[in-house]
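Student: when you get a sec, could you give me coordinates for this:
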Amino acid sequence: MKNITKRFPGVVALDNVNLSVERGEVHSLCGENGAGKSTLMKVLNGVYKADEGEIFFDGKKVDVKSPHKAQQLGLSIIFQELNLVNSLSIAENIFLGRLKKNRFGKILWKEIYEDSANLLAHIGCKLNPKNEVGRLSVSQKQMVEIAKALSFNSKIIIMDEPSATLTEKEVKNLYQIIHELKSKNITVIYISHKMDEIFDLSDRVTVLRDGKAIETMNISETSREDIINKMVGRDMDHAFPNRTSEEGAPVLKIENLFIAGKLDNINFVLKKGEVLSIAGLVGAGRTELLRAIFGADKIDSGKIFLNDKEININSPIDAIENGIALLNEDRKEEGLVLNFSVAENITAAKLDSITELGFLKKSVEKNIAKKYIDNLSIKTPGINQKCINLSGGNQQKVALAKWLYSNAEILMLDEPTRGIDVGAKQEIYLIINELVKQGKSIILVSSEMPEVLALSDRIIVLHEGKIKGEFDNKNKQVTSEQILHYAIG
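Tutor: Numbering: from 1, shown residues only. Now for the predicted structure:
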């Protein structure tokens, strides 16, 4: 890719970017949210048309007019949000739009199933091609996407944050598949915020910042600190900023909370001005617990006390009115209205504060939005930009701004830094510290163990919907081994 420039209204997303990848290598793309990684790959895959620049493939200049043209050339992209039809079978998804037929127009199902099985076997996957995609796990769906890419005889496969929603075991399986692709001389362009993955998998890495390509390096000749410094344009002295902890009185008490098949008699107390982490493996009930407290899921039995007074939370509206907020794990589906503007999303949970006689006071909304855009360093061309056009990290900041404006006293943060770069992560950590300093209380769910250990004052460990252990972590002495001991039951 040579001198690629791409402009959107109010922003230069790519500024004269050059990228070269070699046959059979794993080439990682790094950069903060909004740096231009996904935009560059969408230009390569024909989703976007570059305003300037050229693309050369196998030594020849090509015009990638569409994703279909990219597939014909041997370029495939696996997006972070997988593009599969849940109601169709694995085989139908792999050959979607190009099912084999005989000369009479009859679909050759036997050949389709055989070809699908061979493609799946190619990556060590034993799924039945007749299985419905909607019944698969996220990692299994990813296998289907990879098999689909191979069905086009792809020479380059682009993976955008492929491990974001995978368990540790599933990530290991992904590693094996990538090594298998590499052994077959297939190039993988790998976008990730996780430094471990970049150093485990990559041959080379290219760093983008503010729409510019900063540098391409051999992975054996660089370090984490060097990559991070190039990503953010400054030294990152402390991944986790220090915070002094002052324990206050109990603000939230959960008593015998029970949801059949999900949560089993949960009891705990949250104190004023503390960070309480809910740890556990995927499926342990962490998200279910937050949703139950927030009124998003109906509880079968149990009590919730706020400042020693029992309250009834039958819906998220009840929770919001009681000063309880939930930053959802899935910001795109549940955290934001993507087709609404930044301003409209920020004020969504507290509309009564910007209305008069049933009319929105747009000037007030504008000032509120500008305040939070500045405070949280949200990268957006303006307050009227639709959230669907923001990067993942900036979408997360808008979702967080919504709850900060609602002035909640208890913030439940479910995977607040998932899919966010190191610079934005540190900004989120600073916000958490500031909230605690103001006397707010935080319940944190995170799959990143260093995050749990560094941010928490106390840690509760769930296993199969039950609390198995609790740790005081004010002195930051708890280890991942201790937590894992209880997390596995």
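
Student: what about residue 65, neighbour count?
Tutor: Residue 65 has 10 neighbours, counted by other C-beta atoms under 10 Å. Using the backbone N, CA and C atoms, a C-beta is placed for each residue, glycine as well.

Student: surely it meets residue 46?
Tutor: Yes - under the criterion of C-beta atoms under 8 Å, residue 65 makes contact with residue 46 at 5.9 Å.

Student: gap between the residue lying farthest from the centre of the chain and residue 113?
Tutor: Largest separation from the mean C-alpha position in the chain: residue 104, at 46.2 Å (C-alpha atoms, centre = their mean). Per C-beta to C-beta, to the nearest Å, residue 104 is found 20 Å from residue 113.

Student: my guess is residue 284 meets residue 465, correct?
Tutor: Yes - shown here, residue 284 and residue 465 form a contact pair, counting by C-beta under 8 Å, at 7.2 Å.

Student: could you find the closest non-adjacent residue to residue 112?
Tutor: residue 91 (5.1 Å; C-beta to C-beta, 6 or more residues apart in numbering).

Student: likewise for residue 190?
Tutor: In this structure, residue 190 finds its nearest non-sequential neighbour in residue 28, 4.7 Å apart by C-beta to C-beta, 6+ apart.

Student: the one you found: helix or strand, and which one exactly?
Tutor: Assigned by DSSP states H and E, residue 28 falls within strand 26-30.

Student: immediately after that strand, which helix or strand?
Tutor: Following strand 26-30 toward the C-terminus (DSSP H and E): helix 37-44.

Student: give me the buried positions along the helix or strand just after that following helix.
Tutor: Once the chain leaves helix 37-44, the next helix or strand it forms, by DSSP H and E, is strand 52-57. By neighbour count on 16 or more other C-beta atoms under 10 Å, the buried set for strand 52-57 is 53, 55, 57.

Student: give the contact list for the residue nearest to the first one when sequence neighbours are not counted.
Tutor: Among residues not flanking residue 53 along the chain, residue 4 sits closest, at 3.7 Å (C-beta to C-beta, 6+ apart). Applying C-beta atoms under 8 Å, 6 or more residues apart in numbering, one finds that residue 4 lies in contact with 14, 16-19, 40, 43, 50, 52-53, 55.

Student: nearest residue to residue 451 in space, please, no chain neighbours.
Tutor: Spatially, and ignoring its direct neighbours in sequence, residue 451 is nearest to residue 417 (6.7 Å; C-beta to C-beta, 6+ apart).

Student: which regions of the stretch 351-489 of the chain lie under the pLDDT threshold?
Tutor: 419, 421 (pLDDT under 70).

Student: how many neighbours does residue 423 have?
Tutor: Residue 423 has 21 neighbouring residues, counting by other C-beta under 10 Å.

Student: how close does it get to residue 374?
Tutor: 17 Å.

Student: quick one: residues in contact with stretch 44-63.
Tutor: With C-beta under 8 Å, 6+ apart as the test, stretch 44-63 has contacts from 1-7, 14, 16-17, 39, 42-43, 64-70, 73-77, 155, 158.

Student: could you write me a ChimeraX select line covering just the buried ones among the residues you listed?
Tutor: Applying 16+ other C-beta under 10 Å to those, the buried members can be selected in ChimeraX as follows:
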select :1,4,5,6,14,17,39,42,43,64,67,70,73,74,75,76,77,155,158
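
Student: tell me the domain ranges of this structure?
Tutor: For the chain, automatic domain parsing gives the domain ranges 2-232, 250-487.

Student: do you know which of those lies nearest residue 240?
Tutor: Nearest to residue 240, of all the domains of the chain, is domain 250-487, at 3.8 Å by C-beta to C-beta.
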